[in-house]
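**Student:** predicted model and sequence follow; I will ask about them next.
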Amino acid sequence: MGKSWALISHLHTVAGPSITLLYPLYASVCAMESPSKVDDEQWLSYWIIYSFITLLEMLAEPVLYWIPVWYPVKVLFVAWLVLPQFKGASFIYEKLVRDQLRRYRARYPAKGGAGMTAVDDHKVHIAKAS
């Protein structure tokens, strides 16, 4: 019982990185190699949201240290984001991130003149940096 309990109690040390990094890495590579763009959107959405969660975690670390259920809740949330049955990352991106980007672009249009899109403006900034 002692060894199996130790294995079960430390399962989160394997499950966390597997769910948050290993499987998404593998699925992202598979998505890049597939001709479909639907899976690309899912995994780009995942990495955007996961990066945001990681940044928030870094900022809130002193507070999260005192919340013992934070890590299991995070692993469950990331599992919802990752699992293809739920497509949680695409859902969050569509409902939260894309709406915020649209509001931001409507409030602050691109500064490149009439007819210049955000993509064109981005290309100009890249060209200036080179």
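**Tutor:** Nice, I can see it. Residues are numbered from 1 along each chain as shown.

**Student:** remind me, longest helix of the chain?
**Tutor:** The single longest helix within the chain, with elements called by DSSP state H, is helix 38-59.

**Student:** after that one, next one along is what?
**Tutor:** Downstream of helix 38-59, the next assigned helix or strand under DSSP states H and E is helix 61-64.

**Student:** below-threshold pLDDT in the chain: ranges please.
**Tutor:** 1-2, 5, 8-9, 12, 111-130 (pLDDT under 70).

**Student:** ok, residues contacting the longest helix of the chain?
**Tutor:** With contacts defined as C-beta atoms under 8 Å, 6 or more residues apart in numbering, helix 38-59 is touched by 20, 24, 27-28, 30-32, 34, 64, 74, 77-78, 81-82, 84, 87, 89-90, 92-93, 97. Quick note: C-beta positions are derived from backbone N, CA and C, even for glycine.

**Student:** same thing with stretch 87-105?
**Tutor:** Stretch 87-105 is touched from outside by 41-43, 45-46, 48-49, 77, 80-82, 118, with contacts defined as C-beta under 8 Å, 6+ apart.
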